[in-house]
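Peer 1: Using only what follows, build the 3D model:
(one chain, ligands or ions: 1)
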Amino acid sequence: MSDQQEQGSSPGGRLRQLLATGVTLICPGVYDGFSARMALAAGFKCLYMTGAGVSMSRIGMADLGLATQTEMVDAAGMIANIDPKTPLIADADTGYGTAINVARTVERYITVGVAGFHLEDQVVTKRCGHLNGKECVSLGEYLSRIKAAVEVRKRRRSDIVIIARTDSLATQGFDEALHRLKAAIKVGADVVFLEAIKTKDQLEAYCDAFRGTGVATLYNMVQGSTVGYKITPKQAEQYGLGIVIYPGLCLVPAYLSITNALRALKEGTVEESSERVAPQEIFQVCGMNKIQELDREVNDWVQTFEKVNE
Ligand SMILES: C[C@](O)(C(=O)O)[C@H](CC(=O)O)C(=O)O
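Peer 2: You can find the predicted model right below:
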């Protein structure tokens with residue numbers, strides 16, 4: 001019996017079940033197999049694949065719209081399948097082109113087992129939502145992206161969760177941003193994501209606008225951002241937010257710790273570091289026991305087979 005059959009639901013279905021509980025879904029941002037393994041070991045119910053993290057870890061580039069559809073799909077598929085029972089929300093940026101590119105992105109996210117994804121209205125040469133100088137496409141072009149995603153979901157009989165993100169708060173203001181999110185919901189998106197909320201008032205108005213509508217609201221907690229308004233998980237629950245993503249949760253500690261370790265090696269003080277971990281401990285987080293168990297089972301089977309067929 002496959003993992004999906006065992007759960008009686010698809011990745012999208014599992015994410016929908018979590019959203020239906022009404023409890024704020026706290027999603028750590030992961031960007032590669034290692035960070036995903038650590039988040040799974042920590043027991044999170046849902047993971048978020050940060051595009052910024054994938055861009056930096058996979059191609060060594062800042063979040064400036066350089067990661068391709070292929071790179072994003074590969075990363076998402078690998079992460080989603082480490083533990084298929086834990087749903088993955090993946091960044092789909094702008095969908096990587098026009099409506100037909102969006103359609104292909106969604107097709108491929110469905111195929112590789114992504115549970116939900118967010119699609120935004122920045123121009124294709126996008127940038128991190130917490131940077132200055134963003135540009136957004138027209139409402140019509142934005143909705144064509146959402147519509148393409150909705151159509152693919154329907155044609156594939158999929159229940160993948162479509163999260164409509166707008167970056168237009170920075171470019172056109174709060175009312176237009178809200179208008180875009182409401183329009184995206186009418187087209188068929190499931191969840192809204194107002195990017196780079198700056199103030200408590202904006203956050204409250206955002207939550208009020210969707211309270212009682214059955215539409216879950218996503219909040220992007222970019223810790224350390226000089227732009228975004230910061231809240232705690234407890235406050236997120238009080239606001240009634242549906243999902244909170246933490247894109248930098250793994251990325252920032254990795255940056256700080258690795259930089260320190262490199263500095264220590266450069267300065268010749270590496271041996272003094274007290275925080276050593278045995279390789280076995282890390283390999284175990286990355287599935288060593290299960291892999292070796294399977295290897296032993298196969299070897300035992302081969303031995304029995306050889307004996308019987310001597
Ligand atoms: C959410 C986001 O799209 C991401 O890639 O994780 C980024 C986060 C970041 O760059 O820190 C964003 O545009 O907010």
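
Peer 1: For the rest of this, base every contact and every neighbour count on C-alpha atoms.
Peer 2: OK.

Peer 1: Tell me which stretches of the stretch 51-200 of the chain form strands.
Peer 2: Counting by DSSP state E, counting those that start in this stretch, one finds strands in the stretch 51-200 of the chain at the ranges 88-91, 116-119, 161-166, 191-194.

Peer 1: can you redo the ones you listed as TSV with mean neighbour count, mean pLDDT and distance to the ligand?
Peer 2: TSV is the format used below for the strands of the stretch 51-200 of the chain (neighbours: other Cα atoms under 10 Å; pLDDT from 0 to 100; distance: least, Cα to the nearest ligand atom, whole Å):
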stretch	mean neighbour count	mean pLDDT	distance to the ligand
strand 88-91	27	98	6
strand 116-119	25	98	9
strand 161-166	27	98	9
strand 191-194	26	98	10
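
Peer 1: Columns distance to residue 56 on top of those strands, output as CSV?
Peer 2: As requested, the strands of the stretch 51-200 of the chain are exported to CSV (distance: least, Cα to Cα, whole Å):
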stretch, distance to residue 56
strand 88-91, 14
strand 116-119, 19
strand 161-166, 21
strand 191-194, 23
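
Peer 1: Please report the residue range of the longest helix in this protein.
Peer 2: Ranked by residue count and defined by DSSP state H, the top helix of the chain is helix 288-308.

Peer 1: I'd like the mean pLDDT over that one, please.
Peer 2: Averaging pLDDT along helix 288-308 yields 97.

Peer 1: Check which residues of that helix are buried.
Peer 2: Of all the residues in helix 288-308, not one is buried under the rule 16 or more other Cα atoms under 10 Å.

Peer 1: Put the alpha carbons of that helix into CSV.
Peer 2: What follows is helix 288-308 as a C-alpha-only set of coordinates in CSV (Å, rounded to 0.1, in the frame of the first residue of the first chain):
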residue,chain,number,x,y,z
MET,A,288,20.4,6.2,7.4
ASN,A,289,18.6,3.6,9.5
LYS,A,290,15.8,3.0,7.0
ILE,A,291,18.1,2.8,4.1
GLN,A,292,20.4,0.3,5.9
GLU,A,293,17.4,-1.7,7.0
LEU,A,294,16.2,-2.1,3.4
ASP,A,295,19.7,-3.0,2.4
ARG,A,296,19.9,-5.8,5.0
GLU,A,297,16.4,-7.1,4.0
VAL,A,298,17.5,-7.3,0.4
ASN,A,299,20.8,-9.1,1.3
ASP,A,300,18.9,-11.6,3.5
TRP,A,301,16.5,-12.2,0.7
VAL,A,302,19.4,-12.8,-1.8
GLN,A,303,21.0,-15.2,0.5
THR,A,304,17.8,-17.2,1.0
PHE,A,305,17.2,-17.1,-2.7
GLU,A,306,20.7,-18.4,-3.5
LYS,A,307,20.3,-21.3,-0.9
VAL,A,308,16.9,-22.4,-2.3
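
Peer 1: packing partners for it?
Peer 2: Packed against helix 288-308 by the contact rule (3 or more Cα pairs under 8 Å, 6 or more residues apart in numbering; DSSP states H and E) you find no helix or strand.
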